[in-house]
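*Asks:* Give the three-dimensional model of this entry:
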Amino acid sequence: MANYIFETEFEVRDYECDIQGIVNNAVYQNYLEHTRHKFLLAAGLDFAELHKQNTDPVVYRVEIDYKFPLRSGDNFVCKLNYEKKGNVRIIFNQDIYRKEDNKLIVKAKIIAVVLKNGKPVAADLFFEKFEDYERKTGA
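*Replies:* You can find the predicted model right below:
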């Protein structure tokens, strides 16, 4: 993926590694989720506030390709873009790169839907905010 509109930097912490000395596969989902939440905030969408209004973006499907492992102390960046799938699904394309050598570590596709009072609704508010964010930042 070439056009990213948002990124977050991280450092691997010791406790995120398994007995093999590499980041446990499940931990990558935490990195991806944190980046999505930071992006929502940057776009003007507060995850907690949305929930109070009975609006919840939820993960529908996760596809992750693990290319290379990260190890304790590695610095890396999680980059994000999105695409529309109809008016209900939001597809977040997210890649993780090790900063030292810009090596692709993880390639992920996260498909989300928006629920209002537990029922799927159009994600128009999200797409509007995302587009506003892109205009403001020139992303």
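
*Asks:* And the residue nearest the centre of this structure?
*Replies:* Arg36 (3.5 Å; C-alpha atoms, centre = their mean).

*Asks:* how near is that one to Lys79?
*Replies:* With distances taken as C-beta to C-beta, to the nearest Å, Arg36 is found 12 Å from Lys79. To be clear about C-beta, it is placed using only N, CA and C from the backbone, and glycine gets the same treatment.

*Asks:* can you list residues touching both of the two?
*Replies:* Gln94 (C-beta atoms under 8 Å, 6 or more residues apart in numbering).

*Asks:* Can you tell me how far the residue nearest to the centre of the chain is from Glu100?
*Replies:* 24 Å.

*Asks:* would you say the residue nearest to the centre of the chain is within a helix?
*Replies:* Yes. Inclusion of Arg36 in a helix is indicated when DSSP: H, G, I helix; E, B strand; the rest coil is applied.

*Asks:* surely Glu134 meets Tyr4?
*Replies:* No. Between Glu134 and Tyr4 there is no contact under C-beta atoms under 8 Å: 11.3 Å.

*Asks:* low-confidence ranges in this structure?
*Replies:* Within the chain, the stretches with pLDDT under 70 are 1-2.

*Asks:* Three-state assignment for the residue sitting furthest away from the middle of it, please.
*Replies:* Ranked by distance from the centre of the chain (C-alpha atoms, centre = their mean), the top residue is Ile19, with 26.3 Å. Following three-state DSSP, the label given to Ile19 is coil.

*Asks:* partners of Phe6 in the sheet?
*Replies:* Leu80 (DSSP bridges).
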